[in-house]
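*Asks:* Need a 3D model of the following:
(4 chains)
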Number of protein chains: 2
Amino acid sequence: MPDSLRRFKAGIFRALAHPTRIAMIELLRDQGEVPVSSIYARLDLEQANVSQHLAVLRAKQLVVGRKDGNQVFYSLRDPILGRILDLMRQYFQANLKEALELLKDIKQERTSTK
Amino acid sequence: MPDSLRRFKAGIFRALAHPTRIAMIELLRDQGEVPVSSIYARLDLEQANVSQHLAVLRAKQLVVGRKDGNQVFYSLRDPILGRILDLMRQYFQANLKEALELLKDIKQERTSTK
DNA sequence: TGACAATATGCGAAACTACTAATATAAGCG
DNA sequence: CGCTTATATTAGTAGTTTCGCATATTGTCA
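*Replies:* Numbering: from 1, shown residues only, chains lettered A, B, ... in the order given. This next block holds a predicted model:
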């Protein structure tokens, strides 16, 4: 496989590699099409921050925005993304024991660093 | 879904978010269990570099190393990873047109920046 | 048109990532 | 034991990502 293809894939993974963006994608997967205002209201984030994360997802074409009057409605461009996240959950469950260990570490980082 | 779980997923995606690590995972998926030396020989990389990338994958428990005498043999810890990469390829094909545009950008970055 | 609402963009600081080169550890062999 | 091979780790540096804040853009409505 050519390296450019691997870089394409890596680019997509990078776009997914942020908790906020995962939350956003899950939201879009579950809600269909939502305006930006719903995203930051529901996830309790700053508007600018959401806009920046949306820009990342847009750059990789993972989401599309449809302008309607004053607002922009976003949705997933391909349901396969939802499936990738599903596989991820499956992976988590299949490796529950180890995953829980990792989770513990993650929580500790969070509480000890901050 | 709790935020720590999203951070868990994001962490996995981050581990996948590098062309070299994708190449390594694909290699392990196709070859089964291989010693480190095969990895850097086949992918034409520095030994230290491969070792660092392996450390990233190990930290997320995506691969396991089995020590045998002098060498360490690595393999994928869960075949589901291969499936995630497969889905990724499917995604690429389903969105060929747009993906090719992105690929073009990626290649340009490569040649213009370097 | 001016004022307001929704979204996007630019900027600077802090945190994180990846690379190379050097060094450390550990096993095997004479 | 000392030497060699395989792998891991450390340190320094360059590049990238993320955030908050300020500002720009675009659309609506009076």
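
*Asks:* can you tell me which residue is nearest the centre of chain A?
*Replies:* A:I22 (2.4 Å; CA atoms, centre = their mean).

*Asks:* wait, does stretch A:20-40 contact DNA strand D?
*Replies:* Yes - Stretch A:20-40 is in contact with DNA strand D by CB under 7 Å from any atom of the strand, via A:T20. C-beta here means a position set from N, CA and C on the backbone, and glycine is covered the same way.

*Asks:* Check whether that stretch comes into contact with chain B.
*Replies:* Yes - against chain B, stretch A:20-40 shows contacts by CB under 8 Å from any CB of the partner chain at A:R21, A:I22, A:A23, A:E26.

*Asks:* which one is the residue nearest to the centre of chain A nearest to, not counting chain neighbours?
*Replies:* B:R6 (4.7 Å; CB to CB, 6 or more residues apart in numbering or on different chains).

*Asks:* Quick check on that neighbour: phi, psi?
*Replies:* For B:R6, the backbone dihedrals are phi -70, psi -30 (criterion: degrees, to the nearest 10).

*Asks:* A helix includes A:R21, no?
*Replies:* Yes - assigned with DSSP: H, G, I helix; E, B strand; the rest coil, A:R21 falls within a helix.

*Asks:* pLDDT at it, what is it?
*Replies:* Note on A:R21: pLDDT of 97.

*Asks:* burial count for it?
*Replies:* 22 (other CB atoms under 10 Å in any protein chain shown).

*Asks:* pretty sure it contacts A:A55?
*Replies:* No - counting by CB atoms under 8 Å, A:A55 is not a contact partner of A:R21; they are 10.7 Å apart.

*Asks:* now could you export just the CA positions of stretch A:75-86 as CSV?
*Replies:* Written as CSV, here are the backbone C-alpha positions of stretch A:75-86 (Å, rounded to 0.1, in the frame of the first residue of the first chain):
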residue,chain,number,x,y,z
SER,A,75,-24.4,15.9,9.9
LEU,A,76,-22.1,12.9,9.4
ARG,A,77,-21.1,12.5,5.8
ASP,A,78,-20.9,8.8,5.9
PRO,A,79,-22.6,6.4,8.4
ILE,A,80,-19.5,4.2,8.2
LEU,A,81,-18.1,6.5,10.8
GLY,A,82,-20.7,5.5,13.2
ARG,A,83,-19.8,1.9,12.5
ILE,A,84,-16.1,2.6,13.2
LEU,A,85,-17.1,4.0,16.6
ASP,A,86,-19.3,0.9,17.1
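
*Asks:* Show me how far that stretch is from its chain's centre.
*Replies:* 10 Å (CA atoms, centre = their mean, to the nearest Å).

*Asks:* repeat for stretch A:92-109
*Replies:* Counting by CA atoms, centre = their mean, stretch A:92-109 is centred 19 Å from the centre of its parent chain.

*Asks:* Kindly report the same for stretch A:52-61.
*Replies:* The answer for stretch A:52-61 is 10 Å, by CA atoms, centre = their mean.

*Asks:* cool, and stretch A:19-32?
*Replies:* Relative to its chain's centre, stretch A:19-32 lies at 6 Å (CA atoms, centre = their mean).

*Asks:* got it, and stretch A:54-68?
*Replies:* The answer for stretch A:54-68 is 12 Å, by CA atoms, centre = their mean.

*Asks:* Check which residues of that stretch are buried.
*Replies:* The neighbour-count check on stretch A:54-68 (16 or more other CB atoms under 10 Å in any protein chain shown) flags A:L54, A:V56, A:L57, A:K60, A:Q61, A:L62, A:V63, A:G65 as buried.

*Asks:* so the last one is in which element?
*Replies:* Assigned by DSSP states H and E, A:G65 belongs to strand A:63-68.

*Asks:* Many thanks, we can stop here.
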